[in-house]
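**Q** Can you look at this prediction? I've put the sequence above it.
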Amino acid sequence: MKYSLILSILIFCNLNMWSQEKGIVYYGHIESPGMRSASGPDLNAYLLFNNDKSYYVTAKDSLENTVKNEAVISNDGEQKAIFVGGSTTFRFGKQVYYNRAKDSLWWNQRFRGNIYISEKRPVINWKLENETKKIGNFIAHKATGYFRGRNYTAWYILEIPVPYGPWKLQGLPGLILEAYDDRKEMFLYFKSLEYPTKTKEGITQLKRPKSDPKGWQTIKDFETMLRKSLEKAYNNNIIMSEKYGGQKPEKPNFSDIYIESF
Amino acid sequence: MTLRFKTLEIMKTFLVALITMLSFNSFALNNSSEKVDIKERQLIHVYCDGVYAGDIYAMDDIADTIEMAQAMCE
């Protein structure tokens, strides 16, 4: 009886230790909406995870050598975009926190300042393919799935059986090392992995400046914001074309403007 | 003596005005000869602090294009 009690305690501790074991994956994160290739700014990113939760961050000042606050031009020869107003990196960066027990995501992004969204975990209906490829020292398995207006290909590994991935991509039987949409306008690539990691950083909720508003907004609010901005920009384009001539503007296509479409 | 001085002053002013007018015309002429059909220019998406604000036409000078985009964001 005494021995089985000790054994149970040991097993429990071991399981608990495993669940607390942290890993960290370093990625490259390139967003190039409307450019038909991965031609946007190439930013550093990392994903910190344990068995219960994950925290992803990119576009963070401290992850880049220089703080890119000036206007940035992305160009692939066909379509150009100018990002004005410190949209490349910012203090706490673009973050995504995923809590498995609560089955929810919390994330932020630049949208006239910072916006904070909490939502039920979006389910991506991944199709597991037979194809494999080598990424680093791992054999990665291919999966394809549709998420908010784009068809994604993800490469995951079974050695680390957690459902996490870069940005908001999740829900596969193993850790996602690489992912991109079929236009490569969202391109997330693997750099290195440390598992277990000795990093002291905790896997916490989103970090944000004290001056930011506290309220969480819904995914519906986010969709409304994007739709309104498209409508307003279209009206601006009409005014510009009436003033300066040129082609009659077409209604902007959601996926040519933003990474997520509704 | 005073009358001659005044005449000279008037003539000087006229000359300055004439030169200014000629320079302006020449500037306008140069500008019109350099005018490019706006339809040939590339459209660029402008994002202001993460929000798509609309499109602008690319200028010959990249600095002018950025300035135009920044003005759009103000």
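**A** The structure has been received and is ready for your questions. Everything numeric in this text was worked out from a predicted model, so none of it was measured.
**Q** Can you name the residues of chain B that neighbour chain A?
**A** B:38-39, B:41-58, B:62, B:65-66, B:69-70, B:72-73 (CB under 8 Å from any CB of the partner chain). Every residue, glycine included, has its C-beta placed from N, CA and C.
**Q** Next up, the contacts around residue A:204.
**A** A:55, A:97 (CB atoms under 8 Å, 6 or more residues apart in numbering or on different chains).
**Q** where does it land in three-state SS?
**A** coil (DSSP: H, G, I helix; E, B strand; the rest coil).
**Q** what about it, distance to residue A:61?
**A** 18 Å (CB to CB, to the nearest Å).
**Q** thinking again about what came up before, what about the residues of chain B next to chain A, which are in strands?
**A** Those of the residues of chain B next to chain A mapping onto strands are B:43-48, B:51-57, per DSSP state E.
**Q** Neighbour count and pLDDT for those - can I get that in TSV?
**A** TSV is the format used below for these (neighbours: other CB atoms under 10 Å in any protein chain shown; pLDDT from 0 to 100):
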residue	neighbour count	pLDDT
B:43	16	83
B:44	22	87
B:45	23	89
B:46	27	91
B:47	26	89
B:48	21	90
B:51	23	92
B:52	23	93
B:53	21	93
B:54	25	92
B:55	24	90
B:56	23	88
B:57	20	85
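**Q** Settle this for me: residue A:258 is touching residue A:227, isn't it.
**A** No. Here residue A:258 does not reach residue A:227: they are 10.2 Å apart, not a contact under CB atoms under 8 Å.
**Q** OK, contacts around residue A:154?
**A** A:126, A:142, A:143, A:144, A:145, A:165, A:169, A:172, A:176, A:178, A:179.
**Q** These also near chain B: which ones?
**A** Okay, of these, nothing touches chain B (CB under 8 Å from any CB).
**Q** Show me which residues of the stretch 151-262 of chain A are close to chain B?
**A** A:229-230, A:232-234, A:236-237, A:240, A:244-247, A:249, A:252, A:256-258.
**Q** which ones among these are found in helices?
**A** A:229, A:230, A:232, A:233, A:234, A:236, A:237, A:240, A:244, A:256, A:257 (DSSP state H).
**Q** Just the buried ones from those residues?
**A** Neighbour-count burial (16 or more other CB atoms under 10 Å in any protein chain shown) applied to those gives A:229, A:230, A:233, A:234, A:236, A:237, A:240, A:256, A:257.
**Q** for the residues you listed, which one is nearest residue A:132?
**A** Each of those was scored against residue A:132 by CB to CB, and residue A:256 proved nearest at 32.8 Å.
**Q** How many residues are close by the nearest residue to that closest one once chain neighbours are set aside?
**A** When the adjacent residues along the chain are set aside, residue A:256 lies closest to residue A:34, with 3.8 Å between them (CB to CB, 6 or more residues apart in numbering or on different chains). Neighbours of residue A:34 under the rule other CB atoms under 10 Å in any protein chain shown: 22.
**Q** Over to the one 3 residues further on?
**A** Other residues within reach of residue A:37 by the criterion other CB under 10 Å amount to 16.
**Q** Please apply the same query to residue A:158.
**A** 13.
**Q** for residue A:254, what are its contacts?
**A** Neighbours of residue A:254 in contact, by CB under 8 Å, 6+ apart: A:149, A:226, A:230, A:261, A:262.
**Q** what do you get for residue A:30?
**A** Contacts of residue A:30 by CB under 8 Å, 6+ apart are A:38, A:39, A:40, A:41, A:42, A:43, A:186, A:187, A:188, A:189.
**Q** switch the cut-off to 10 Å
**A** A:37-43, A:45, A:58, A:74, A:180, A:184-189 (CB atoms under 10 Å, 6 or more residues apart in numbering or on different chains).
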